[in-house]
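Engineer: Next comes the sequence, and after it the predicted model I'd like to discuss.
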Amino acid sequence: MSSASQDRVNDFVIKIATVNGTGSASANALLMKSIFRSGIPVMGKNYFPSNIQGLPTWYEIRVSRDGYVARAGHVDIMVAMNAETYGKDLREVAAGGYLIYDSTWARPALLKREDVTVIGVPLAQMCNEHFSGVRTRILMKNICYAGVLAALLDIDLGVIRELLAETYAKKPQLVESNMKAIQLGYDYAREHYRCPLPLRTGKMDRTAGHIMIDGNTAAGLGCVFAGATVAGWYPITPSTSVMDSFKSFADKWRVDPETGKKNFAFIQAEDELAAIGMVIGASWNGARAFTATSGPGISLMNEFLGLAYYAEIPSVIFDVQRVGPSTGMPTRTQQCDLLECAYASHGDTRHVCLYPANPEECFYMAAQAFDLAERLQTPVMVLLDLDIGMNDWMCRDLKWDEAYRPDRGKVLSLEEVVKLEKFHRYLDKDEDGIPYRTLPGVHPKAAYFTRGSGHTQYGTYTEDSGEYQLVVDRLVRKFHTARRLVPKAIIEPAATKTDIGIVSIGSCDGAVREALDVLRTRAVAADYMRVRAFPFGEEVERFLAEHRLIFVVEQNRDAQLRSLLTLETEVEKSRLRSLLHYSGLPISSSFIVSGVLAEVWPGGDRVKLVPSAAVAGH
Amino acid sequence: MTFIPKPKVRHPSLPKNDLGFTRRDYEGALTTLCAGCGHDSITAALIEACWGLSLEPQNVVKLSGIGCSSKTTAYFVSGGHGFNAVHGRMPSIATGANAANRELHYIGISGDGDTLSIGLGQFCHAIRRNVNMLYLIENNGVYGLTKGQFSASADIGTRAKKGDVNQQAPIDPVQLAMTLGAGFVARSFSGDKEQLVPLIKAGLRHQGFALIDVLSPCVTFNDHEGSTKSYAYTREHYEPAVQADFIPFEREIKADYAEGEALPIVLHDGSRIVLRKIDQGYDPTDRIAAAAHIQERLKANEFLTGLLYVEPGQREFHEVNGTPAGPLNRVPYEKLSPGSKGLEKIISRYR
Ligand SMILES: Cc1ncc(C[n+]2csc(CCOP(=O)(O)OP(=O)(O)O)c2C)c(N)n1
Ligand code: SF4
Ligand SMILES: [Mg+2]
């Protein structure tokens, strides 16, 4: 952790402590966007309670000239707007850091730290003097601290004005009032404190060709581009905004200009049991359909997922993971549904899972999920987590290939059906484990009976052991085919040869990459593999075979990725060391660095002989 | 158990419908239900109705949950796709399927266990959404497939085969559907094909959710003395018998029976079910009066049957959702994607 007192341009963390429901979100977004617009890589993370109004909430902005996207694990500037959490917030500030507070009221006596510079601004007082109306005053108080930070950090007011003008394009009077609040804070800070601070921003050009977007929005957008027409869902944090995103984009882009009709059906279900049923029913009937949920919803969907697996019905499910078990901490992040999704449902089931690491991948993988589901005729689960889904990430511009057409898989057309002597639903004609299917309404000859009970390869009911086994054995072959079709793991070898590997998944990616850079400065080299899908491809098997010591970095208590790797590959358990982060906050690079250094002597290849109990496998 | 395909012997003299199909063309696999099960008679009525309406077999979609009753979907219209879903959750499959393609005929078959216990929520919500489908409950008061436990439609005081007497109030799907706003609510009896066939036809023609609760005795677990859902009803094979054309509900109400006449179903063991044909004072278009009437008769242990409530002109699921006139699953991809130019526009908001 670097000391906050050094002159650090574009490399620091701001944390804003407020109260839920006071409208601080727009001030925080404005602040972050203005840094982003200045060409500086930035990341915003929201730590919010499961509450609508009144509980403490924090927003963390990491400004990183190097483009690091993970949680930094320290705070340089704390904006303490919540009296209730003052003490805790102050304690969190790194030595040499700053605390900004509303000096309208006296500070509690306990707020004393010699190594933190305190900056008081009478935010409430100024806003009370310049604005009327309780609600307006509260909102403007937030905008006002953004103005204070603009002065302290040297953010261009022109950029802020431009952003406000875009946001309130239809309400120009709001641009003026917001700008007034900004100016109040800005002027006060410049009058009373030395601006800018040694921690400050300076224009860069590292954000061109990039956007700031959250993963849920990107995933919902991906579903629009994939051509999904039926969405069935039940609200649950942190997945709800996937559906909100789909609906708002569909409302805009899916309404037929001539007829005014909507080329999509958006159905809020009575529960997740129904949501997944709707998805399966619609997919069975030839529409691209999806749902989004979180862990509790996946639990409810289990029975239907087994049916879809066994009856071979495409379906796409987004699981935006949150802290479990049970209701857990609904607004905190974790990667705790890896096993639940991979093996969802009773009986022998294994499901195709995709693991995006950022919003950009959410967008592309959303579309890919539909192609895979229809190609493989099986449920495909896309596992995001709250960190990816609900936080704003800087990522490359999303692009769409005009030539893309959905892969509808092996669906027989009327012409093909007519030519058949007889249609058999579950025959493996192509020896890839994938049978042919037909859609209702095509032709009487195409009709078949879909059932979750024993069926033969011809699609008829059976209780015959041999006939039953033929079908489930073919499903294994289909799963092997899936191995070839799913996105490959991304493997990045170290600059120097090493037999140490790091394996991770999803939103750990940013922290791992940053950790690799830090480890390199400590003379530890490690090859890196990020798995992107289940089943694991050959490259995963190879990577595991080629490394003597492998750190598996993931965000759950029970080492679920490590379990999956040991279950589904040939790797010996003893070579896999878990680095498990499961506090509910996103993982930071320092956690990984210290975990690795606890096992590996600096210098790289001399591995400590006694594995430490804390990180040994489960 | 495997199915022996039923030979489709076509006799030239068999009557044909408008499409040139005989009733045989609307049959399905051979039943595996107990000989005499009420559900099989309903199958026969379904075949008769689909044939009578000259439905294109491939346009018939048959959906069900789990139970003896839910097996029915395999036993009629083999030319239409069938879907045996999970227990109690056929309504969500039907909702999704219907959302994808509004042009087909959706027939949901369920049991009293399937609908009134595990599937009660989905049943209610399919009604609320007014999914355009025929929803037929084969109601025998027990869980047949799991060997005779009481279902939620068991009446107070009815005795199970093993001797237990039910003490809990039943859930009546007809009254429930009426309070939920269903636009087509009927009750019938598996042994009364003359009444049932036109009801099925009418239900298939109704735009929106059509419920038919069909009393369908379980000869194996609920056909003994002391049961209020028993009926010694055995039919080894069905014979194409009465031919009833689709009769619009106005006439249907008065058809075949003298007005106000109660039709007592004489159960083989002498227990009492009284099926009452609709009397003159009954107005099946007045939801509140009709509901009161049904309830009154139930108190007297009489099941009113027939088309009990109908409200044509309700807006069904697709109308409410503003989807296109054609099936969603046939909208060309070009109309679904905003394209690369569209994406550029979309992401400009995120800079
Ligand atoms: C989740 C689940 N729980 C329990 C069962 C067992 N089960 C199968 S059929 C059935 C009851 C069926 O009763 P009903 O719907 O009345 O049909 P019937 O057999 O009487 O026609 C039950 C409980 C199941 N298949 N799935
Ligand atoms: S157990 Fe009852 S419901 Fe099931 S098939 Fe036999 S008679 Fe019909
Ligand atoms: Mg039953």
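Structural biologist: Arrived safely, thanks for sending. Numbers count the residues shown, from 1 in each chain, chains lettered A, B, ... in the order given. Ligands and ions are numbered 1, 2, ... in the order given.

Engineer: Assign a three-state SS to B:Gln314, would you?
Structural biologist: Following DSSP: H, G, I helix; E, B strand; the rest coil, the label given to B:Gln314 is coil.

Engineer: separation between the nearest residue to it once chain neighbours are set aside and B:Ser92?
Structural biologist: Leaving out its chain neighbours, the residue that sits closest to B:Gln314 by Cβ to Cβ, 6 or more residues apart in numbering or on different chains is B:Gly183, at 4.1 Å. Quick note: C-beta positions are derived from backbone N, CA and C, even for glycine. Noted for B:Gly183: a distance of 20 Å to B:Ser92, by Cβ to Cβ, to the nearest Å.

Engineer: When these two are compared, which one has more neighbours?
Structural biologist: More neighbours surround B:Ser92 than the other of B:Gly183 and B:Ser92, with 34 against 22 (other Cβ atoms under 10 Å in any protein chain shown).

Engineer: is it true that that one touches A:Leu273?
Structural biologist: Yes - in this structure B:Ser92 lies within contact range of A:Leu273 using Cβ atoms under 8 Å: 7.1 Å.

Engineer: Please enumerate the shared neighbours of those two.
Structural biologist: Here B:Ser92 and A:Leu273 have B:Gln122 as joint contacts, going by Cβ atoms under 8 Å, 6 or more residues apart in numbering or on different chains.

Engineer: residue ranges with poor pLDDT in the stretch 201-350 of chain B?
Structural biologist: B:230-281 (pLDDT under 70).

Engineer: repeat that for 90
Structural biologist: Applying pLDDT under 90 to the stretch 201-350 of chain B flags the ranges B:201-203, B:205-207, B:223-286, B:289-290, B:293-314.

Engineer: just the strands in chain B please.
Structural biologist: Counting by DSSP state E, one finds strands in chain B at the ranges B:60-64, B:82-84, B:105-111, B:133-139, B:142-143, B:149-150, B:184-189, B:209-215, B:262-266, B:272-276, B:302-304, B:306-310.

Engineer: surely B:Cys50 meets B:Phe76?
Structural biologist: Yes - shown here, B:Cys50 and B:Phe76 form a contact pair, counting by Cβ under 8 Å, at 6.9 Å.

Engineer: Mind listing the shared neighbours of these two?
Structural biologist: The contact lists of B:Cys50 and B:Phe76 share B:Tyr26, where a contact means Cβ under 8 Å, 6+ apart.

Engineer: Could you break chain A into its assigned domains?
Structural biologist: Per the record, chain A has its domains at A:8-207, A:213-396, A:414-485, A:490-597, by automatic domain parsing.

Engineer: Out of those, which gets nearest to ligand 2?
Structural biologist: Closest to ligand 2 of the domains of chain A, according to Cβ to the nearest ligand atom: domain A:414-485, at 14.9 Å.

Engineer: Can you get me the start-to-end distance on that closest one?
Structural biologist: End-to-end distance of domain A:414-485: 27 Å, with Cα to Cα, to the nearest Å as the criterion.

Engineer: swap in stretch A:585-601?
Structural biologist: Stretch A:585-601 has its terminal residues 28 Å apart, counting by Cα to Cα.

Engineer: Buried ones in that stretch, by neighbour count?
Structural biologist: A:585-593, A:595-597, A:599-600 (16 or more other Cβ atoms under 10 Å in any protein chain shown).

Engineer: Among those, which are located in helices?
Structural biologist: Among the buried residues of stretch A:585-601, the members found in helices (DSSP state H) are A:589-593, A:595-597.

Engineer: residues near A:Thr481, how many?
Structural biologist: If we define neighbours as other Cβ under 10 Å, then A:Thr481 has 17 of them.

Engineer: go on, A:Asp558?
Structural biologist: Neighbours of A:Asp558 using other Cβ under 10 Å come to 15.

Engineer: Contacts only, for the nearest residue to A:Arg405 once chain neighbours are set aside.
Structural biologist: Nearest residue to A:Arg405 in three dimensions, chain neighbours excluded: B:Tyr333, at 6.0 Å (Cβ to Cβ, 6+ apart). Contacts for B:Tyr333 (Cβ under 8 Å, 6+ apart) come out as A:227, A:405-406.

Engineer: Compare those residues and tell me which has the most neighbours.
Structural biologist: For the contacts of B:Tyr333, neighbours were counted by other Cβ under 10 Å; the highest total belongs to A:Gly227, with 23 neighbours.

Engineer: Need the per-residue pLDDT for that residue.
Structural biologist: According to the prediction, A:Gly227 has pLDDT 98.

Engineer: Please report phi then psi for it.
Structural biologist: Dihedral angles of A:Gly227 (phi, psi; degrees, to the nearest 10) stand at phi 90, psi 20.

Engineer: how near is it to A:Gly96?
Structural biologist: Per Cβ to Cβ, A:Gly227 is found 53 Å from A:Gly96.

Engineer: hey, where'd the helices end up in chain B?
Structural biologist: In chain B, the helices defined using DSSP H lie at B:38-52, B:90-100, B:112-113, B:120-129, B:173-179, B:193-205, B:249-252, B:287-299, B:317-321, B:339-347.
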